[in-house]
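> sequence-free structure coming up:
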């Protein structure tokens, strides 16, 4: 936890925040804070600033930390990249969500595909926003406060044919990762590096030809990550890191 | 498993290979092969080629597949990048080893550091090359046969002061990942993209200042991955992917 995060509705009318969970334990045990100390803190989807520790009561799991938050930075900027991911195993998804959040993404579309195990859509991780802690974990790691928006699309065809056209205008470029792609990201972006990007990365086993064709039909351009066939979790991080480098973020 | 791998000493004098483990199960259950079919196969640290299925005997876990291997490609090329990693938790290390192997690395030095949990060096994963299956997993994923060499260094100071000078001549550049680094990889490489690279990525919690200074003292140059603080597993994949892009691999 490199940044202590809390929700805006946790701020009381007197400007204090009361913590009594893994966050208070972190402040006491890991950071070793005492009343009077200040730490870096941030509001989820809001500003970063400092938290002054006002009091520490009790011990162990039930210890309560009260702090006063003062914003120092403005609103966090909006990441310039959104992701489409063919739904992966819950255990891999938890990690992928934390990792891509730490790298900075705006929206994450978890979609179906021929090689997606259908039962993954019933995973408890996808219900009631149970994946949210993994997004927060990514923010805490990267010292960033903008939470990605996650959307789940259970049917591939309506997603690509009906939904994608409604958001195409948001993007400077839409790319589909495919080991057969003839150009890498540098060649695809050339000197035109500005603007928003929508990346589509396949599920474990990759996209089938029909899906790649459908992406291309809807203005996606195939992009390759070299000769190697990478697993979804590796490919997603690799592509975001490459884009980050090219855009000089 | 995108490529079926076996050891060179598994090839019998008549040129056949007998499989009776997860590989035979894969050939029968996932690939649905029958005698006469051919599959892509490769020798670890040797060539890629085709395997002709000669016979399938028995069922379930004990099924035996006999195939004849014919090499079609030459020896695999040597990856142009080596890695130093501050030792991470075994569960993360398994994944990191598979991921970096799939991206292609030559040597992996697992080293100590101030923020390395010392007990990690006693993990059974590090004994008797128990990590080897994770390297093979990475090769199977990426359709590649060159196994990275793994070395374990339990003391930071002798590693950087005594060992590093003996291998410095192997590299065109040595880089240490550090969130405080003033330049990203593109700026560090400029137009000089050829030659071998040695990357040092910190443990969870990162390198301490003393360690970064020691790296710099021994000809490493700090490189930044942007404003965000990334976890070791994310940083390693991100840096390798960025290097791959710049070197046009």
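Now that the structure is in, tell me what you want to look at. These numbers were taken from a predicted model, which means no experiment stands behind them.
> Return the residues in contact with the closest residue to residue A:177 other than its chain neighbours.
Take residue A:177 and drop its neighbours on the chain: the residue closest to it by CB to CB, 6 or more residues apart in numbering or on different chains is residue A:201, 4.8 Å away. C-beta here means a position set from N, CA and C on the backbone, and glycine is covered the same way. Applying CB atoms under 8 Å, 6 or more residues apart in numbering or on different chains to residue A:201 gives the contacts A:83-86, A:177, A:232, A:235-236, A:239.
> what's whichever strand or helix holds residue A:233 packed up against?
In the assignment (DSSP states H and E), residue A:233 maps to helix A:232-246. If you count contacts as 3 or more CB pairs under 8 Å, 6 or more residues apart in numbering or on different chains; DSSP states H and E, helix A:232-246 packs onto strand A:81-86, helix A:90-103, strand A:173-177, helix A:185-189, strand A:197-201, helix B:90-103, helix B:185-189, helix B:232-246.
> Which residues does the fourth one contact?
Right, helix A:185-189. With CB under 8 Å, 6+ apart, helix A:185-189 has contacts from A:173, A:175, A:221, A:223, A:239, A:242-243, A:246, B:245, B:248.
> could you flag which of those residues are buried?
For those, a neighbour count by 16 or more other CB atoms under 10 Å in any protein chain shown gives the buried set as A:173, A:175, A:223, A:239, A:242-243, A:246, B:245.
> Could you save these as a markdown table and add columns showing pLDDT?
Formatted as a markdown table, the buried ones among the contacts of helix A:185-189 follow (pLDDT from 0 to 100):
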| residue | pLDDT |
| --- | --- |
| A:173 | 94 |
| A:175 | 95 |
| A:223 | 92 |
| A:239 | 95 |
| A:242 | 93 |
| A:243 | 92 |
| A:246 | 88 |
| B:245 | 89 |
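> And the residues you listed, which is closest to residue A:193?
Closest approach between those and residue A:193, by CB to CB: residue A:246, at 5.5 Å.
> correct me, but that closest one touches residue A:193?
Yes - using CB atoms under 8 Å, residue A:246 makes contact with residue A:193 at a distance of 5.5 Å.
> Without its sequence neighbours, what residue ends up closest to residue A:86?
In space, residue A:86 is closest to residue A:203, 2.9 Å off (CB to CB, 6+ apart).
> quick one: terminal-to-terminal distance for stretch A:77-94?
Criterion CA to CA, to the nearest Å; first-to-last residue distance in stretch A:77-94 is 24 Å.
> nope, stretch A:131-151 is what I was after
Taking CA to CA as the measure, stretch A:131-151 stretches 11 Å from start to finish.
> Then stretch A:114-129?
Distance across stretch A:114-129, first residue to last, is 25 Å (CA to CA).
> residues in contact with the residue nearest in space to the middle of chain A?
For chain A, the residue nearest the mean C-alpha position is residue A:101 (2.6 Å; CA atoms, centre = their mean). Residue A:101 is in contact with A:134-135, A:137-139, A:142, A:144, A:147-148, counting by CB under 8 Å, 6+ apart.
> Which parts of chain A belong to which domain?
Residue ranges of the domains in chain A are recorded as A:4-71, A:81-246, according to automatic domain parsing.
> Backbone dihedrals for residue A:11, please?
The phi and psi torsions at residue A:11 (degrees, to the nearest 10) take the values phi -80, psi 120.
> Could you tell me the per-residue confidence at it?
We have a pLDDT of 94 for residue A:11.
> May I have the beta-bridge partners of it?
Judged by DSSP bridges, the bridge partners of residue A:11 are residue A:17.
> now the helices for chain A?
Secondary structure of chain A (DSSP state H): helices at A:22-25, A:90-103, A:132-142, A:156-158, A:164-167, A:185-189, A:209-217, A:232-246.
> By mean pLDDT, point me to the weakest helix or strand of chain A.
helix A:185-189 (a mean of 83; mean pLDDT, DSSP states H and E).
> Now do the residue of chain A positioned farthest from its centre against residue A:28, distance only.
The outermost residue of chain A relative to its centre, with distances by CA atoms, centre = their mean, is residue A:58 at 34.8 Å. Counting by CB to CB, to the nearest Å, the gap from residue A:58 to residue A:28 is 10 Å.
> do the same with residue A:174
Distance from residue A:174 to residue A:28, by CB to CB: 47 Å.
> still on that earlier bit, for the residue farthest from the centre of chain A, which non-adjacent residue is closest in space?
Among residues not flanking residue A:58 along the chain, residue A:64 sits closest, at 5.7 Å (CB to CB, 6+ apart).
> Okay, buried residues for stretch A:118-137 please.
For stretch A:118-137, a neighbour-count test (16+ other CB under 10 Å) marks A:120, A:123, A:125-126, A:131, A:134-137 as buried.
> Next, the distance between the ends of it.
First residue to last in stretch A:118-137 (CA to CA) measures 27 Å.
> chain center to it: distance?
When distances are taken as CA atoms, centre = their mean, to the nearest Å, stretch A:118-137 is centred 13 Å away from the chain's centroid.
> Show me the contact partners of that stretch.
With CB under 8 Å, 6+ apart, stretch A:118-137 has contacts from A:5, A:44, A:87-90, A:93-95, A:97-98, A:101, A:110, A:112, A:147-148, A:150, A:152, A:154.
> Could you pull up the mean pLDDT of it?
pLDDT averaged over stretch A:118-137 gives 95.
> on that earlier part again, which among the contacts of residue A:101 gets closest to residue B:37?
Comparing these against residue B:37 with CB to CB places residue A:134 closest, at 41.5 Å.
> near chain B, which residues of chain A show up?
Chain A comes close to chain B at residues A:2, A:95, A:99, A:102-104, A:141-144, A:184-186, A:225-231, A:233-234, A:237-242, A:244-246, A:248-249, as judged by CB under 8 Å from any CB of the partner chain.
> follow-up on the earlier one: enumerate the positions of the least confident helix or strand of chain A that are buried.
For helix A:185-189, burial by neighbour count (16+ other CB under 10 Å) applies to A:185, A:188-189.
> Name the nearest of those relative to chain B.
Among these, residue A:185 lies closest to chain B (CB to the nearest CB), at 6.2 Å.
> and which of the contacts of residue A:101 is nearest residue B:33?
residue A:134 (38.4 Å).
> So what pairs up with the closest residue in space to residue A:239 that isn't next to it in sequence in the strands?
Using CB to CB, 6+ apart and skipping residues adjacent in sequence, the residue nearest residue A:239 is residue A:199, 5.6 Å away. The partner list for residue A:199 in beta bridges (DSSP bridges) reads residue A:83, residue A:175.
> contacting residues for residue A:199?
Taking CB under 8 Å, 6+ apart, one finds A:81-84, A:175-177, A:236, A:239-240, A:243 in contact with residue A:199.
> and with 10 Å instead?
Applying CB atoms under 10 Å, 6 or more residues apart in numbering or on different chains to residue A:199 gives the contacts A:81-85, A:100, A:105, A:171, A:173-177, A:185, A:220, A:223, A:235-236, A:239-240, A:243.
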